[in-house]
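Trainee: Quick one: sequence plus predicted model below, questions after.
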Amino acid sequence: MYGSLQAMPADPILGLLAKYREDTNPHKIDLGVGVYKNEAGHTAILDCVKKAEQYRTDHEDTKVYIGPTGSPLFNEQMTKLVFGEHKVIDQNRVRTISAPGGTGALRAAAEFIKSCKAGATIWVSDPTWANHTGIFQAAGLTVKTYPYYDHQQKSLNFEGMLASLAQVKADDVVLLHACCHNPSGMDLTNQQWQQVVELAKSIGFLPLIDMAYQGFGEGLDEDAYGLRLMADNVQEMIVCSSCSKNFGLYRERIGACSIIGATPAATDIALSVLLSDVRVIYSMPPAHGAAIVETILSSDELRQQWYVELQEMRDRINGNRQLLVDKLTLNGVTRNFDFITHQKGMFSFLGITPAQVQQLQSEYSIYMVGSSRMSIAGIALSNVDYLAASIAKVL
């Protein structure tokens, strides 16, 4: 049975991680893997998470399944976190289920879309998170792209994006990043979101919004602006959210999938289909991460502590952007890298060639994806001088 199989190519990011771990250079820098790191290069457990875990240890009394929808309290709290005080909640038009991380939420959404229309076309930004295409193709969807990031101008190609989306059909799906675009870091402004929403209204395509980094851009509410504006104006919509980054729960694999329907009855029907799809993918979601999140969001004390810790992560990332640009200037780099400071979230394209990326790796032990996408959280006060000097030499 296995004899006809061909080895699949290694994931480029996971391959980078393996090379980084094997590198013996004491000055090595990992700018590849998209996880938050503190100044010491460590992805620590948030203090609010530790307290919530202790509460769970003290009060959990069963390991029985929690059902395909997941924890009702988690779903309720995540709905409020994602949508705020929104009319879709008051109108009883949104249903949220727990999922195994943001990836699981996206795969469940993809299967749901297939149930709505087999072979449906979904449009994703060029570029987008590398796993988006595989997730949707695995569900049998047709993936097409719309222009998004202009590598030459180091900016958003908004005119190209609008022109492309204007050709989308009413029964197509359009994937949009809510904030902290992965991999470019280039987000839509509020005014640009308004134009995209108007296009969605006029055409009638189904928006699928991926929000993996709520709170990492400008703030919890600010980062959800476009998502909530879209929900104000369309009858049907899907949102996939993740708790990996903003709660630091990477390995707990907890996220959420929210669907909005035109009426409460229509949304209930859609939920029944979504749960049927879930049943044959992973059957039941994990419970531990959801319990941590719901404990934090249900406690005034822990929620406030989470706000503080989340702001610390956000401020550090934003500070690293300016820090790198300043250090490049101090090293005599005349090329303008100010675009890095105008972006949001974990990632940015450095804007150098694949050959220069390889040179940084082979000669200076600085690891980033071949496209020059770098994880901003990998920058620290202890390595930024070496990083900037190395980039200057390569340039």
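Mentor: Thanks, I have the structure now.

Trainee: What ranges does the stretch 1-150 of the chain have for its strands?
Mentor: For the stretch 1-150 of the chain, the strands defined by DSSP state E, counting those that start in this stretch cover 29-30, 94-99, 121-126, 142-147, 149-150.

Trainee: Now stretch 306-319: buried residues?
Mentor: Buried residues in stretch 306-319, counted by 16 or more other Cβ atoms under 10 Å: W306, E309, L310, M313, R314, R316, I317, N318. Heads up, the C-betas are built off the backbone N, CA and C, glycines and all.

Trainee: from the chain's centre, how far out does the strand or helix carrying the fourth one sit?
Mentor: To tie it back to what came earlier, the one meant is M313. Following DSSP states H and E, one finds M313 within helix 300-330. Between the mean C-alpha point of helix 300-330 and the mean C-alpha point of its chain there is a distance of 17 Å (Cα atoms, centre = their mean, to the nearest Å).

Trainee: again with stretch 383-395
Mentor: With Cα atoms, centre = their mean as the basis, the mean position of stretch 383-395 lies at 28 Å from the chain mean.

Trainee: and stretch 50-67, average pLDDT?
Mentor: For stretch 50-67, the mean per-residue pLDDT is 96.

Trainee: who touches stretch 351-358?
Mentor: For stretch 351-358, the external contacting residues (Cβ atoms under 8 Å, 6 or more residues apart in numbering) are 151, 154, 337, 339, 350, 360, 368-372, 391, 394-395.

Trainee: and these, which are buried?
Mentor: A residue is treated as buried here by neighbour count (16+ other Cβ under 10 Å); on that basis the buried members of the contacts of stretch 351-358 are K154, F337, F339, L350, L360, M368, V369, S371, S372, I391, V394.

Trainee: What sits closest to the third one if chain neighbours are left out?
Mentor: Going back to what we said before, that points to F339. Setting aside the residues directly before and after it, F339 is nearest to K154 in space (Cβ to Cβ, 6 or more residues apart in numbering), at 4.0 Å.

Trainee: I'd guessed that neighbour sits against Q343; true?
Mentor: No. Distance between K154 and Q343: 9.2 Å, which falls outside the contact criterion (Cβ atoms under 8 Å).

Trainee: quick one on the thing from earlier: between the buried ones among the contacts of stretch 351-358, which sits nearest V278?
Mentor: Nearest to V278 among the buried ones among the contacts of stretch 351-358: V369, at 31.8 Å, using Cβ to Cβ.

Trainee: does that closest one sit in a helix, a strand or a coil?
Mentor: Look at V369: counting by DSSP: H, G, I helix; E, B strand; the rest coil, its state is coil.

Trainee: Next one: it from A130, what distance?
Mentor: 9 Å (Cβ to Cβ, to the nearest Å).

Trainee: okay, and the common contacts of those two?
Mentor: Overlap of the contact sets of V369 and A130 (by Cβ under 8 Å, 6+ apart) consists of P12, I13, P183.

Trainee: which SS class is the last one?
Mentor: By that I understand P183. Three-state call for P183 (three-state DSSP): coil.

Trainee: least trustworthy helix or strand in this structure by mean pLDDT?
Mentor: helix 12-22 (a mean of 86; mean pLDDT, DSSP states H and E).

Trainee: who does that helix touch, helix- and strand-wise?
Mentor: For helix 12-22, the contact count by 3 or more Cβ pairs under 8 Å, 6 or more residues apart in numbering; DSSP states H and E identifies strand 29-30, strand 366-367 as packing neighbours.

Trainee: Lovely, talk soon.
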